[in-house]
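Asker: sequence first, then the predicted structure:
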Amino acid sequence: LQNLGNTCYLNSIIQCLVHTPELAQSFLDNGPCDTGRSLFRSRSIARAFGELVKQLLGPGAAATYSPREFLNCISTWDRAFSGGRQHDSQEFLHSLLDALQTECNRVKGKAKYKELKGKGTEEQQADEAWAYAKSWFDSCINDIFGGQLQSTVVCQKCKNVTHCFDPFLDLSIPIPKNVPAASVNIHDCLRAFTE
């Protein structure tokens with residue numbers, strides 16, 4: 001990928017996403033998963049990402065490729081990425097996944113808000129929360145990147161236990177300080193995240 005000046009954040013995320021086999025194959029096989037939700041914008045991010053995947057991995061892939069058109073497209077979704085300034089890679093990833101999730105959403109119409117019952121076993125509550133989250137967003141992006149965080153609160157007086165479930169597409173996980181930097185792996189980081 002050509003650097004367009006201060007676009008290391010963009011290039012690093014594109015390289016990670018394009019080399020996520022399930023995502024790349026989805027765009028190579030089926031083309032963009034645009035469901036018409038980009039009609040209010042002049043450019044579809046899903047289409048632009050699909051074109052980028054094809055240029056980098058498809059038959060006759062280019063030796064070098066300029067992501068300028070893709071950057072222009074994502075800048076229409078999130079103006080923070082226009083203007084050629086440096087940005088945080090994770091912020092860009094979050095914005096891009098959100099845009100792709102919106103355009104690739106298989107849910108037709110608008111989901112209705114409802115209060116979750118919070119009854120049953122912990123697993124049943126998690127399943128109810130996940131089903132509710134998928135009633136709002138269900139896409140190839142969710143299939144690959146989606147997950148659900150759980151937090152549990154125990155009342156110190158009555159010992160009542162409540163669970164809260166929050167959907168996510170990306171996580172900010174810490175790099176543990178008690179492990180030598182050269183030997184840190186993803187399991188160490190996830191362990192530090194859940195402590």
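Answerer: Great, that's in hand.

Asker: going by C-alpha atoms from here, please, whenever you check contacts or count neighbours.
Answerer: OK.

Asker: which residues touch Phe67?
Answerer: Actually, residue 67 is Pro rather than Phe. Leu1, Gln2, Leu4, Leu52 (CA atoms under 8 Å, 6 or more residues apart in numbering).

Asker: quick one: buried residues of the helix or strand hosting Cys164?
Answerer: Using DSSP states H and E, Cys164 sits within strand 161-168. Under the neighbour-count criterion of 16 or more other CA atoms under 10 Å, strand 161-168 has Phe165, Pro167 buried.

Asker: list the neighbouring strands of that strand plus their orientation.
Answerer: When sheet partners are counted by DSSP bridges, strand 161-168 sits next to strand 147-154 (antiparallel).

Asker: pLDDT averaged over the strand it pairs with - what is it?
Answerer: In this model, strand 147-154 carries a mean pLDDT of 94.

Asker: CA atoms of the strand holding Cys164 as CSV?
Answerer: Provided in CSV are the C-alpha atoms of strand 161-168 (Å, rounded to 0.1, in the frame of the first residue of the first chain):
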residue,chain,number,x,y,z
VAL,A,161,-26.5,-10.8,41.3
THR,A,162,-27.1,-8.8,38.1
HIS,A,163,-25.3,-9.3,34.8
CYS,A,164,-24.8,-6.7,32.0
PHE,A,165,-23.9,-7.7,28.5
ASP,A,166,-22.4,-5.3,25.9
PRO,A,167,-21.8,-6.1,22.3
PHE,A,168,-18.5,-5.1,20.7
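
Asker: ok, and what's touching that strand?
Answerer: 118, 122, 125-126, 129-130, 133, 145-155.

Asker: change it to 6 Å
Answerer: Gly146, Gly147, Gln148, Leu149, Gln150, Ser151, Thr152, Val153, Val154 (CA atoms under 6 Å, 6 or more residues apart in numbering).

Asker: just the buried members of the contacts of Pro67?
Answerer: For the contacts of Pro67, buried by 16+ other CA under 10 Å: Leu1, Leu52.

Asker: so which of the contacts of Pro67 comes closest to Leu171?
Answerer: Checking the contacts of Pro67 against Leu171 by CA to CA gives Leu52 as the nearest, at 24.5 Å.

Asker: now the closest one: which helix or strand?
Answerer: helix 45-57.

Asker: repeat for Tyr9
Answerer: Assigned by DSSP H and E, Tyr9 falls in helix 8-18.

Asker: what packs against that helix?
Answerer: The contact analysis (3 or more CA pairs under 6 Å, 6 or more residues apart in numbering; DSSP states H and E) places helix 8-18 against no helix or strand.

Asker: average pLDDT across that helix?
Answerer: pLDDT averaged over helix 8-18 gives 93.

Asker: the helix holding Leu52 relative to helix 8-18, how many degrees between them?
Answerer: With axes from the mean of the first three to the mean of the last three CA atoms, to 10 degrees defining the directions, helix 45-57 sits at 80 degrees from helix 8-18.

Asker: quick check: buried residues in the helix or strand just after helix 45-57?
Answerer: Later in the chain than helix 45-57, the nearest helix or strand by DSSP H and E is helix 68-77. Neighbour-count burial for helix 68-77, counted by 16+ other CA under 10 Å, picks out Phe70, Leu71, Asn72, Cys73, Ile74, Thr76, Trp77.

Asker: all set, thanks.
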